[in-house]
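Participant: no FASTA, just this:
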DNA sequence: AACGTAAGGATCGTTGAACAATTCGACAAG
DNA sequence: CTTGTCGAATTGTTCAACGATCCTTACGTT
């Protein structure tokens, strides 16, 4: 009789979903992620609040949100800066990735998670064929996000989202997208194959080598100086 | 020559460490954690800002902080409430624990992490002998926090901190500390032994059973109603 | 040249007040 | 019992102000 009411209640979370502060945070998050704001850059409360026509108080609420996501660095009485990850941060990000992705590939893959992974692999290959390394990077990120979703945990998904956003900061610091993303297009395909065929241990081993290599490339090329 | 300078630089984070909003958040976090504010309870901006003698704007910044830690639930135009975790939340919390703690016990333990773990086991046993189940719970939490620290990742430590704070909310909902904590005092001792002796696979298996049992106990007794 | 100090300007931290927007409960009407 | 409507209470957002802190520059000392 009223089972459609139950269905409707799933849309509940989308309702509370709009406050000026959060929308401001969305805008800033996107700008940071796309590299419009560079790591290390200071974000002036006055300038941005005027540009977006929101009060300083509201903007500060948005800053807090992004600070908690580690995209901004809030220094008392000095202002907020786009986070500039240290080499030590890179190491830790990969520690977390190993744990999260390692657990993921050992889990029996669900059909629709697999579909998303396949699509990400396809897109990366297609973008690579067109020399669009920006897009390869995005597809690569989607690939790992989908991989982690095999864990079936919303909290882990959320954590991975933040982690990858932070990694994007690293990429922006050393921006040489091709050198870093190119080697992994093919590996994604291989890893997908291992996961698809249920060879969990091999997948885990392959992933470990994958991450070791990626980490080594990064920390070697990474210089947060300037 | 100046190696002590490097040592000193570790204290850097403690410097920037004070803003009214953060201190307010600290106070509220503690109150929530100790159960002074009950899950589901609404926190009035006016009442609390007056009680702490801070402006509403500052208090709101504190609310945002805790909201991001999932301790508060911020509903647009309705106010902030102490989070009341759902049964589904409990399941997800244990999904994450399995991943984090499972990875931890498979790692070679460092001496000082082991020391902290041992101390937590000892304290739990002592508190249990004295029928102080509140303290048993705290020691138990310390145990698992120390366990996860074997991963050697600051980010994972932070994540675990939040996760356990959230779990405390669950405990507060169904408060019957003894029934839930008692069975695990002994298991902690066993798990410690397995980790100490480097039997990683056995430790992992034992931990899985441990978590399965704990989860089952929780979801069974858990009723987020009223 | 290196260092300590002082002054000034810029920006942040926090407050208090104000008003619009929204929720919620009560009560009347159908 | 359901559906409108009204008013009180609370939140969302803005604004202006002032003290606190940091950064820069300049100046004088050693």
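Facilitator: All right, it came through fine. In this text the structure is predicted, and so the values were computed from the model without any measurement.
Participant: can you list contacts of the helix or strand hosting residue A:102?
Facilitator: Assigning secondary structure by DSSP states H and E places residue A:102 in helix A:87-105. The contact list for helix A:87-105 (C-beta atoms under 8 Å, 6 or more residues apart in numbering or on different chains) reads A:85, A:144, A:147-151, A:156, A:159-160, A:163, A:166-167, A:170, A:191, A:194-195, A:200, A:203-204, A:207-208, A:211, A:214-215, A:218-219, A:222, A:224, B:98-100, B:102-103, B:151-156. (Each C-beta comes from the backbone N, C-alpha and C, glycine too.)
Participant: the same query, at a cut-off of 7 Å, please.
Facilitator: A:144, A:147-148, A:150-151, A:156, A:160, A:163, A:166-167, A:170, A:195, A:200, A:203-204, A:207-208, A:211, A:215, A:218-219, A:222, A:224, B:99-100, B:102-103, B:151-156 (C-beta atoms under 7 Å, 6 or more residues apart in numbering or on different chains).
Participant: check whether the helix or strand just after that helix contacts chain B.
Facilitator: Using DSSP H and E, the helix or strand that follows helix A:87-105 in sequence is helix A:111-129. No. Against chain B, helix A:111-129 shows no contacts by C-beta under 7 Å from any C-beta of the partner chain, the least distance being 14.5 Å.
Participant: what is the orientation angle of the helix or strand following helix A:111-129 with helix A:111-129?
Facilitator: Proceeding N to C from helix A:111-129, the next assigned helix or strand is helix A:133-148, under DSSP H and E. Relative orientation of helix A:133-148 versus helix A:111-129 (axes from the mean of the first three to the mean of the last three C-alpha atoms, to 10 degrees): 160 degrees.
Participant: near chain B at all, the next helix or strand after helix A:133-148?
Facilitator: Downstream of helix A:133-148, the first helix or strand assigned by DSSP H and E is helix A:154-173. Yes. Using C-beta under 7 Å from any C-beta, a contact is recorded between helix A:154-173 and chain B, made by A:154-156, A:159.
Participant: run through who's touching the longest helix anywhere in chain A.
Facilitator: For chain A, the longest helix by residue count, based on DSSP state H, is helix A:200-221. Residues outside helix A:200-221 that contact it (C-beta under 7 Å, 6+ apart): A:87, A:90-91, A:94, A:97-98, A:101-102, A:105-106, A:170, A:174, A:180, A:184, A:187, A:190-191, A:194-195.
Participant: so residue A:74 sits in a helix?
Facilitator: No. The assignment for residue A:74, made by DSSP: H, G, I helix; E, B strand; the rest coil, is strand rather than a helix.
Participant: OK, contacts around it?
Facilitator: Per C-beta under 7 Å, 6+ apart, neighbours of residue A:74: A:63, A:67, A:80.
Participant: most neighbours, which of the residues of helix A:154-173 next to chain B?
Facilitator: Counting neighbours by other C-beta atoms under 10 Å in any protein chain shown, the top entry in these is residue A:156, with 23 neighbours.
Participant: touching, that residue and residue A:149? I think so.
Facilitator: No. Using C-beta atoms under 7 Å, residue A:156 makes no contact with residue A:149, being 8.1 Å away.
Participant: helices and strands of chain A: which one has the lowest mean pLDDT?
Facilitator: helix A:3-8 (a mean of 60; mean pLDDT, DSSP states H and E).
Participant: what mean pLDDT does the following helix or strand past that one have?
Facilitator: Sequence-wise, the next helix or strand downstream of helix A:3-8 (DSSP H and E) is helix A:20-34. Averaging pLDDT along helix A:20-34 yields 93.
Participant: how about helix A:20-34: buried residues?
Facilitator: By 16 or more other C-beta atoms under 10 Å in any protein chain shown, the buried positions in helix A:20-34 come out as A:21-22, A:24-25, A:28-29, A:32-33.
Participant: list just the nearest of these to chain B.
Facilitator: Minimum separation from chain B among the buried residues of helix A:20-34 (C-beta to the nearest C-beta) is found for residue A:21, which lies at 7.7 Å.
Participant: can you count the residues close to the closest residue to that closest one other than its chain neighbours?
Facilitator: Residue nearest to residue A:21 in three dimensions, not counting chain neighbours: residue A:61, with 3.8 Å by C-beta to C-beta, 6 or more residues apart in numbering or on different chains. For residue A:61, the neighbour count with other C-beta under 10 Å is 22.
Participant: residue A:61 reaches residue B:64, doesn't it?
Facilitator: Yes. Contact status for residue A:61 versus residue B:64: in contact at 5.6 Å, counting by C-beta under 7 Å.
Participant: look up how far residue A:126 lies from residue A:185.
Facilitator: 10 Å (C-beta to C-beta, to the nearest Å).
Participant: and those two? Which one has more around it.
Facilitator: More neighbours surround residue A:185 than the other of residue A:185 and residue A:126, with 19 against 14 (other C-beta under 10 Å).
Participant: next up, the contacts around the more buried one.
Facilitator: Counted by C-beta under 7 Å, 6+ apart, residue A:185 has contacts A:124-125, A:128, A:136.
Participant: repeat that with 8 Å
Facilitator: A:124-125, A:128, A:136, A:140.
Participant: swap in residue A:133?
Facilitator: With C-beta under 8 Å, 6+ apart, residue A:133 has these contacts: A:127, A:177-178, A:181-182.
Participant: go again with 7 Å.
Facilitator: A:177-178, A:181 are the contacts of residue A:133 under C-beta under 7 Å, 6+ apart.
Participant: just to be sure, residue A:223 is in a strand?
Facilitator: No. Assessed with three-state DSSP, residue A:223 is coil; it does not lie in a strand.
Participant: leaving out chain neighbours, which residue sits closest to it?
Facilitator: Going by C-beta to C-beta, 6+ apart, residue A:223 has residue A:174 as its nearest residue, at 6.9 Å.
Participant: the nearest residue to residue A:19 once chain neighbours are set aside: neighbour count?
Facilitator: Nearest residue to residue A:19, sequence neighbours excluded (C-beta to C-beta, 6+ apart): residue B:76, at 5.8 Å. Residue B:76 has 11 neighbours, counted by other C-beta under 10 Å.
Participant: dihedrals phi and psi, residue B:76?
Facilitator: phi -60, psi 130 (degrees, to the nearest 10).
Participant: show me the shaky parts of chain A.
Facilitator: A:1-17, A:225-226 (pLDDT under 70).
Participant: around DNA strand C, which positions in it sit nearby?
Facilitator: Residues of chain A lying near DNA strand C by C-beta under 7 Å from any atom of the strand: A:42, A:44-46, A:56-57, A:60, A:74, A:76-80.
Participant: how about 10 Å then?
Facilitator: By the rule C-beta under 10 Å from any atom of the strand, the part of chain A lying against DNA strand C is A:15-16, A:18, A:42-49, A:55-57, A:59-60, A:63-64, A:74-81.
Participant: which of those residues fall in helices?
Facilitator: Judged by DSSP H, the residues of chain A next to DNA strand C include A:45-49, A:56-57, A:59-60, A:63-64 as members of helices.
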